[in-house]
Structures are given as C-alpha cells and as structure tokens.
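K.L.:
my questions are about this predicted structure, shown below with the sequence.
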Amino acid sequence: MAWSDTVFAGSIPKLYDTLMVPLIFEDYAANMAELVVESSPVSVLETAAGSGVVTRALSPRLGVGARYSVTDLNQPMLEYAAFRQGVDARIEWRQADALDLPFEDAAFDVVCCQFGVMFFSDRIAGYAEARRVLRAGGRFVFSVWDRIEENVFADEVTDGVATVFPHDPPRFLARTPHGYYDIELIREELSRAGFADIRTTTREEVSRAPSARHAAIAYCQGTPLRNEIEARDASLLQLATDRATAAIASRHGEGPVAGKIQAHVIVAAG
C-alpha cells in the first residue's frame, strides 16, 4: 500500500462525504448499525470512522447511557465527522491509530470498523488490538470490499483513468479498497489475532448516482485516487475525471446510473 493511500486531506473529506458516502457507503452503514446493536452494547469503539457515516447511523440506536468512542487516524476526516454529527454527550472523538489503540484492556462491548481494515499496515496487529480492548464475549464487526471486478463503477473508473497514464496507471482502488477480499485470508488473520468465532456474509447492494460524471468525480476527486493522479501530473486531474466519466457512461449512459457493489461483512468474537 502506498503512503498516499491513507491521505484524506484538503478537499477530499467533504467530497468523500457528500459524493462517495451516498454512492457506496450508506446502505452498508445501516447494516453495520443493525449488527452492532444486536447485542445491546453499552460501550462501543469505532475505528477508521472516516467522515462519520456509521456514527450517524449508529448513534441514534444506542441507549441514552451508552459510551461511544469514535476514532480515525486522519484528523481532517475526524474533524469533518464531528462537525457533521453535531453535539452528542455520549460520543468521544479521538484521533487514534487502530494498530495502537489508546484504551485499556476489555474496555468495550463492540468494536466496529466499516471499510477501514484494508488500510491497516499490519492487519493482524489491528485485529489483535480490537480483541485486546473487547470485553469477554465482545464482538468485532467490520466490513471489506469484495474484489474490484464485483464493484463496477470502481472498476470502470480505474480503467478510464488508466488511459491517461498508460505506462503508470493509478491503481489505488484495486490495490487498497478492493485489495483485501480473500475470505480465507481474513479468517486466517483473525484466528492468528485470537478470534475463534468468525462469521462472514457477502452482501450485494446497488450504487446509484445522478450521472456518470457525478460518480467519476466522487472516485477521482473524493478519494486518495486523487493523490495518485496529482502525483503523476496535477494538471491532468480533470482529464482523468473526464475519462472516468466516459468509461462509466459507455456502459450505463450519461444520465442516472446504477451499478453493482459488493462487500464482505464479518462478525468475530474471541
């Protein structure tokens, strides 16, 4: 994973939240909130919270006396999430590395992480930290994207942008968000971190956007793919977005578009 894959700064947090969240994250966030509240937790830790889509879905479903710690490694994303959430005395916002959590052992009933573990530099260490801060019987709920070929807009954007840089195509989407989809590997790494009870579900949803351009802007300018494009030639960001738009439109048309997205949802306990 390239260093730039983890940089969500500048205009990315706002574009990510206003464009990417409704495009691909909201339905999965609602499902994650349901899974978290199944066990009626009174203390929840969210890691890699991003712009707060899960926080917004989950917080209304937690009890009045619940304690909810929301963390992210990236301070600009965390600040944006806190701004979007508004005041809630139950929520503690804290910049934190999921591989080195600043919490005591056995502090939480549930740890949740939506589409974040793919960015961990050491996933087994991240899993071990989640297990360390879980109470006996606690649950680790997280999700990862399936391979890029099962997520059509991401695949088409990657192909479109590659035509601008044929000798060095940006591969952020395939490499990181869609690069950790092997269920057997996930099970193995969770087991090595100490989890024994592991349940996995593959969940298909539909991604919708008002236009092909809307989807292309979301991916090219609202994710770290932008960092990869600008590192090659910042003046070509608009051209890359145009090529991504054309790639989506060639299959789905210029108007409202819809495409398959697919992810794995995992619930693990010690």
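P.N.:
Now that the structure is in, tell me what you want to look at.

K.L.:
show me the helices in this structure, by range?
P.N.:
Using DSSP state H, the helices of the chain run over 12-15, 26-37, 53-58, 75-85, 123-133, 152-162, 172-175, 183-192, 212-221, 225-233, 237-252.

K.L.:
just give me the residue closest to the centre of the protein.
P.N.:
Nearest to the mean C-alpha position of the chain, by C-alpha atoms, centre = their mean, lies Phe115 at 2.9 Å.

K.L.:
which among the helices of the chain is found nearest to Asp146?
P.N.:
helix 183-192 (9.4 Å; C-beta to C-beta). Every C-beta, even on glycine, is put in place using the N, C-alpha and C of the backbone.

K.L.:
and Ala196, how many neighbours?
P.N.:
By the measure other C-beta atoms under 10 Å, the count of residues near Ala196 is 9.

K.L.:
so it touches Ala269, yeah?
P.N.:
Yes: here Ala196 lies in contact with Ala269, judged by C-beta atoms under 8 Å, at a distance of 7.2 Å.

K.L.:
ok, back up a step: among the helices of the chain, which is nearest Arg139?
P.N.:
Across the helices of the chain, closest to Arg139 is helix 26-37 (C-beta to C-beta), at 8.1 Å.

K.L.:
what lies in contact with the closest one?
P.N.:
44, 53-54, 56-58, 61-62, 110, 112, 114-115, 141, 143, 203, 205, 263, 265, 267 (C-beta atoms under 8 Å, 6 or more residues apart in numbering).

K.L.:
so what pLDDT did Ser11 get?
P.N.:
Here the pLDDT value assigned to Ser11 is 57.

K.L.:
likewise for the one 3 residues further on?
P.N.:
Looking at Lys14, its pLDDT reads 76.

K.L.:
contacting residues for the residue lying closest to it once chain neighbours are set aside?
P.N.:
Spatial nearest neighbour of Lys14, chain neighbours left out: Tyr80 (6.7 Å); criterion: C-beta to C-beta, 6 or more residues apart in numbering. By C-beta under 8 Å, 6+ apart, the contact set of Tyr80 is Pro13, Lys14, Asp17, Ser51, Gly52.

K.L.:
also Leu190?
P.N.:
Contact analysis of Leu190 by C-beta under 8 Å, 6+ apart lists Tyr127, Ile198, Ile266, Ala268.

K.L.:
which ones among the residues you listed map onto strands?
P.N.:
Ile198, Ile266, Ala268 (DSSP state E).

K.L.:
related to what we said a few turns ago, and the residue nearest to Lys14, how far is that from Arg67?
P.N.:
When distance is defined by C-beta to C-beta, to the nearest Å, Tyr80 is 22 Å away from Arg67.

K.L.:
can I assume the residue nearest to the centre of the chain is in contact with Val144?
P.N.:
Yes: assessed by C-beta under 8 Å, Phe115 is found in contact with Val144 at 6.7 Å.

K.L.:
can you work out which residues contact both of those two?
P.N.:
In contact with both Phe115 and Val144: Ala263, using C-beta under 8 Å, 6+ apart.

K.L.:
tell me the buried residues in stretch 116-132?
P.N.:
Residues 116-120, 123-132 are the ones in stretch 116-132 that count as buried (16 or more other C-beta atoms under 10 Å).

K.L.:
got any ranges where this structure has weak pLDDT?
P.N.:
1-12 (pLDDT under 70).

K.L.:
swap the cut-off to 80 and go again
P.N.:
1-14, 16, 270 (pLDDT under 80).

K.L.:
got a list of contacts for stretch 215-232?
P.N.:
Against stretch 215-232 from outside (C-beta under 8 Å, 6+ apart): 2, 4-8, 11-12, 15-16, 18-20, 23, 153-154, 157, 160-161, 164-165, 168, 170-173, 176-177, 207, 209, 236-237, 240-242, 244-245, 247-248, 257.

K.L.:
just the buried members of those residues?
P.N.:
The buried subset of the contacts of stretch 215-232 (16+ other C-beta under 10 Å) comprises 4-6, 8, 12, 15-16, 19-20, 23, 153-154, 157, 160-161, 164-165, 170-173, 176-177, 207, 209, 236-237, 240-242, 244-245, 247-248, 257.
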